[in-house]
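Engineer: Quick one: sequence plus predicted model below, questions after.
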Amino acid sequence: MQKNERPVIAIPMGDPNGIGPEIVLKALSEAAVHEWCRPVVIGDAYCLARTLADLSLPLHLHTINNDLSDAHFQPGFLNLIDLSHRGLENLEIGTVQALSGRCAMDYIEKAVELAQNGLATAIATTPINKESLRAAQVPHIGHTEILADLTGTYDPLTLFETNGLRVFFLSRHVSLRMACDLVTRERVSEMIRRCCAALSQLQVMDKDLAVAGLNPHSGEHGLFGDEEMTAIEPAVAACRAEGLPVTGPVSADSVFHMAHIGRFSGVLSLYHDQGHIATKTLDFERTISLTLGLPFLRTSVDHGTALDIAGKGLASAVSMIEAIRLAARYAPLYRPL
């Protein structure tokens with residue numbers, strides 16, 4: 001990839017009271033990141049400068065215009081759109097505060113603006129804190145919901161990737177009881193179609209998509225529940241009749257391992273923790289969340305603000321680096337589904 005073809009990746013700094021500023025600085029101090037893409041950080045110079053002084057990294061903060069016309073895309077530079085929030089000197093690192101929640105929301109809004117205006121190809125997000133968002137009266141519980149609202153997107157598609165294992169989710173932030181109720185033939189069929197389209201677009205559809213079972217051993221033909229027989233098997237059969245490469249249900253105690261060793265291109269997990277446990281046990285730091293269906297690609301670290309270690313220089317940037325890498329890899333291929 002030629003240097004002028006590298007995608008522009010917008011990186012909102014995340015909650016300034018958490019580890020966001022630290023992992024952004026550590027990630028952008030890596031020369032490889034600048035080989036993959038042209039990163040632009042949205043945040044506050046005050047917070048980044050303070051953190052940079054503590055870390056002593058060989059990085060120059062370069063404040064740029066909103067149109068990116070004065071950016072220096074080369075190693076050693078962090079190109080920053082500085083939102084200059086007032087009162088940052090009163091932030092208490094490692095705590096929940098309304099101001100930090102407001103800042104985090106503003107960074108996301110600016111990153112979305114850049115992407116929607118065609119100035120950024122993708123967004124790689126850093127951790128935000130649900131309690132700080134609530135304190136700031138932000139009416140959303142997480143990035144996916146915020147991005148869906150800002151872009152008018154209905155039901156974005158979540159994909160986790162780690163070490164070649166790709167996992168989709170039939171449902172996200174709902175109770176386990178509600179998640180089971182959402183396992184219907186219609187919803188599973190719709191998600192199979194969306195997952196296959198996403199894998200094909202990202203050029204990783206070389207094997208079947210596997211649909212995980214819901215019950216132990218996929219229900220053992222109704223001995224441990226009948227969702228496999230009434231919902232999953234009919235959905236898989238209907239989609240296969242349409243020509244889609246899908247298999248299932250495959251018992252959840254083996255399907256993720258099978259996908260990891262290359263038997264499947266991806267797995268449709270039937271509820272939040274089923275897929276989260278599998279990916280994060282495999283490699284917690286390199287589990288990256290991709291949000292598909294938005295007008296632009298979004299990748300994200302899949303860990304929290306880690307308030308307990310914020311400001312101590314202890315945070316690992318592995319997940320941030322991986323999120324940027326995947327954003328740069330897939331952004332040229334991405335189209336809204």
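Structural biologist: Structure received.
Engineer: quick one: contacts for Asn65?
Structural biologist: Ile81 (C-beta atoms under 8 Å, 6 or more residues apart in numbering). Where C-beta positions appear, they are placed from N, C-alpha and C, glycine not excepted.
Engineer: Surely it forms part of a helix?
Structural biologist: No. Remark: Asn65 does not belong to a helix; assigned using DSSP: H, G, I helix; E, B strand; the rest coil, it is coil.
Engineer: how close does it get to Ser251?
Structural biologist: For Asn65, the distance to Ser251 (C-beta to C-beta, to the nearest Å) stands at 54 Å.
Engineer: so how many other residues sit close to Ser84?
Structural biologist: Residues near Ser84, counting by other C-beta atoms under 10 Å, number 10.
Engineer: Burial check on the nearest residue to it once chain neighbours are set aside, number of neighbours?
Structural biologist: Counting by C-beta to C-beta, 6 or more residues apart in numbering, the nearest residue to Ser84 once its immediate chain neighbours are dropped is Asp44, at 6.6 Å. Residues near Asp44, counting by other C-beta under 10 Å, number 22.
Engineer: ditto for Ala104
Structural biologist: Quick note: Ala104 (other C-beta under 10 Å) scores 31 neighbours.
Engineer: What of His257?
Structural biologist: Using other C-beta under 10 Å, the number of residues around His257 comes to 12.
Engineer: so where do the strands sit in the protein?
Structural biologist: 8-12, 38-43, 60-63, 77-82, 122-125, 157-162, 165-169, 209-212, 246-250, 266-269, 288-292, 297-301 (DSSP state E).
Engineer: and stretch 92-103, how far apart are its ends?
Structural biologist: 14 Å (C-alpha to C-alpha, to the nearest Å).
Engineer: which residues does the residue nearest to Ser84 contact?
Structural biologist: 13, 16, 82-85, 88, 103 are the contacts of Asp44 under C-beta under 8 Å, 6+ apart.
Engineer: quick one: the residue lying farthest from the centre of the chain and Glu233, what's the gap?
Structural biologist: Farthest-out residue of the chain from its mean C-alpha position, per C-alpha atoms, centre = their mean: Leu223, at 36.9 Å. Counting by C-beta to C-beta, the separation of Leu223 from Glu233 is 15 Å.
Engineer: go on, Thr158?
Structural biologist: On the measure of C-beta to C-beta, Thr158 and Glu233 end up 24 Å apart.
Engineer: Next, report how far stretch 15-34 is displaced from the centre of its chain.
Structural biologist: Centre-to-centre, stretch 15-34 and its host chain are 16 Å apart (C-alpha atoms, centre = their mean, to the nearest Å).
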